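1. Give the three-dimensional model of this entry:
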Amino acid sequence: MSESLCRFELLQLLENIVGEEFNAPNFTTVDGKTMDYEKARYFYVYVANVHLDASFPMIRRMMLVYGYSKTVYQVFRRMYYRHKEQDNRFLIEYLKREFDNKVKDLKAHNITIRSEGTQMKMFTA
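-> Numbering: from 1, shown residues only. Okay, here's the model as predicted:
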């Protein structure tokens with residue numbers, strides 16, 4: 001029987017990768033006001049939504065540091081306007097590549113990733 005990972009476990013894997021990269025351990029739970037923690041949160045929210053296709057409420061459940069739910073939307077919006085800057089683009093691609101490599105390693109150990117289905121469309125508009 002093979003083990004499988006759900007979306008929350010994938011978000012935890014991404015959290016570990018981002019925490020190591022920005023030297024900000026537990027950035028989702030610790031309210032560190034340093035620049036590394038803030039930057040880690042921005043990149044985590046952006047990559048989780050864009051690359052993992054995680055919903056904002058799901059990301060909100062992982063980000064215990066934020067006091068209210070609107071913060072996740074605000075962080076994503078700010079990072080969306082910054083994602084085209086050269087250094088941000090490089091870091092986003094690096095984080096995606098690291099995440100994909102970790103997932104590939106997990107798949108090599110016979111661990112599957114659960115996928116969500118999409119709604120079938122009967123008519124095309």
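2. count of neighbours near the closest residue in space to residue 6 that isn't next to it in sequence?
-> Among residues not flanking residue 6 along the chain, residue 114 sits closest, at 5.3 Å (Cβ to Cβ, 6 or more residues apart in numbering). For glycine as for every other residue, the C-beta is placed from the backbone atoms N, C-alpha and C. Applying other Cβ atoms under 10 Å, we find 10 residues neighbouring residue 114.
3. In what element of secondary structure is the residue nearest to the spatial centre of the chain found?
-> For the chain, residue 48 is the residue whose C-alpha lies nearest the centre (Cα atoms, centre = their mean; 2.4 Å). Per DSSP states H and E, residue 48 falls inside helix 35-50.
4. Which residues belonging to the helix or strand just after that helix are considered buried?
-> Helices and strands here follow DSSP H and E; after helix 35-50, the next one along the chain is helix 56-62. Across helix 56-62, burial judged by 16 or more other Cβ atoms under 10 Å covers 56, 58-60, 62.
5. again, but for stretch 33-40
-> 37, 39-40.
6. starting at the chain centroid, how far to the lengthiest helix in the chain?
-> Identified as the longest helix of the chain according to DSSP state H is helix 86-108. Taking Cα atoms, centre = their mean, to the nearest Å, one finds helix 86-108 lying 11 Å from the centre of the chain it belongs to.
7. Which neighbouring elements make contact with that helix?
-> helix 7-22, helix 35-50, strand 111-113 (3 or more Cβ pairs under 8 Å, 6 or more residues apart in numbering; DSSP states H and E).
8. try 6 Å this time
-> helix 7-22 (3 or more Cβ pairs under 6 Å, 6 or more residues apart in numbering; DSSP states H and E).
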